[in-house]
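Undergrad: Sequence first, predicted coordinates after that:
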Amino acid sequence: MTTTPSAIPSFSCCYTTPLGEAIDIRAMRSTDEKALLNLHRRIPPDDSRHLRDDVTSSDLVTRRATDMDYDRVLPLLAFVGDTIVADATLHRDRDGAHRPVG
């Protein structure tokens, strides 16, 4: 079954830190693959061992960058200039909320 990929959300915002540094937040695009891999490879080994997946795997990051379904999961990236400094995902429960979730 072939599905039509959902459109990239136009969501974006800019946050200015108390020190005046601009942080741009927007939905991930497939072209962000290399920068996302660079972010993950900067994670100290002691911190990355707490993650569920090996985020330093180029295969995993390629899969995440090419198999996006924005109607199911919205990947968000935070940039300082052209460098990704954080990533997060918002997951949509198609069955509706059954319990409080944060």
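TA: Yep, it's here.
Undergrad: List the contacts of the lowest-mean-pLDDT helix or strand in the chain.
TA: Between all helices and strands in the chain, the lowest mean by mean pLDDT, DSSP states H and E belongs to helix 45-48, at a mean of 81. Contact with helix 45-48 is made by His40, Asp54, Val55, Thr56, as judged by Cβ atoms under 8 Å, 6 or more residues apart in numbering. To be clear about C-beta, it is placed using only N, CA and C from the backbone, and glycine gets the same treatment.
Undergrad: Could you rerun that using 10 Å?
TA: Outside helix 45-48, the residues within contact range by Cβ atoms under 10 Å, 6 or more residues apart in numbering are His40, Arg41, Arg42, Asp54, Val55, Thr56.
Undergrad: Please write out the alpha-carbon positions of the helix or strand following that helix in CSV.
TA: Using DSSP states H and E, the next helix or strand after helix 45-48 towards the C-terminus is helix 58-66. This file holds the C-alpha atoms of helix 58-66, laid out as CSV (Å, rounded to 0.1, in the frame of the first residue of the first chain):
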residue,chain,number,x,y,z
SER,A,58,23.5,6.7,10.3
ASP,A,59,21.0,4.1,9.3
LEU,A,60,18.7,5.0,12.1
VAL,A,61,19.0,8.8,11.4
THR,A,62,18.4,8.2,7.6
ARG,A,63,15.3,6.2,8.4
ARG,A,64,14.0,8.9,10.7
ALA,A,65,14.7,11.6,8.0
THR,A,66,13.1,9.7,5.2
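Undergrad: Please consider this matter closed, and thank you.
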